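Peer 1: I'll drop the sequence and a predicted model, then ask my questions.
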Amino acid sequence: MATKQTKKTTKTKKKTSVVVGDLGRVYVTSTFNNTLITVTNDKGDTLGWSSSGHKGFKGARKSTPYAASLAAEELLRKIIAKGLKAVDVFIKGPGNGRESSLRGIKAAGITINSISDITPMPHNGPRAKNKRRV
């Protein structure tokens, strides 16, 4: 005798809207190949993100300062419309988009409270090679 199998359906949770306050944070991660920009509120919940590649730049043009400033400016214009007024900027990485992304943030018309460089720095270097035994 075959037993009847019933399908279980799980309900997916609806996305709750993130609260946008007056103050937020902008994290700029600049690599040699791309520039990533994330905007969060003061609690750390992501409000939006963008990158040079997300804006349609491919290959070597992704790493240009122009692509980084364009990505930052367009993203922050959207977030300002939601009610964000001032940001703290945290920059990480050695890429070309560091300064130009700041110019893009400023061009979007938002107040920058502080700029912090959070690039990780090695304090002791890598482990030394073993001495050669002959």
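Peer 2: Yep, that arrived. This is a predicted model, so every value here is computed, not measured. Residues are numbered from 1 along each chain as shown.
Peer 1: downstream of the top helix by length along the chain, the next helix or strand is which one?
Peer 2: With secondary structure taken from DSSP state H, the chain has its longest helix at helix 65-82. Next helix or strand after helix 65-82 toward the C-terminus (DSSP states H and E): strand 86-92.
Peer 1: hey, C-alpha coordinates of the following helix or strand past that following strand in CSV?
Peer 2: As assigned by DSSP H and E, the chain's next helix or strand after strand 86-92 is helix 97-107. In CSV, the C-alpha atoms belonging to helix 97-107 read as follows (Å, rounded to 0.1, in the frame of the first residue of the first chain):
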residue,chain,number,x,y,z
GLY,A,97,39.0,55.1,-6.2
ARG,A,98,39.9,56.3,-2.7
GLU,A,99,39.9,60.1,-3.2
SER,A,100,37.6,60.2,-6.1
SER,A,101,34.8,58.3,-4.2
LEU,A,102,35.1,61.0,-1.6
ARG,A,103,34.6,63.7,-4.3
GLY,A,104,31.5,61.7,-5.5
ILE,A,105,30.1,61.6,-2.0
LYS,A,106,30.6,65.4,-1.6
ALA,A,107,29.1,66.0,-5.1
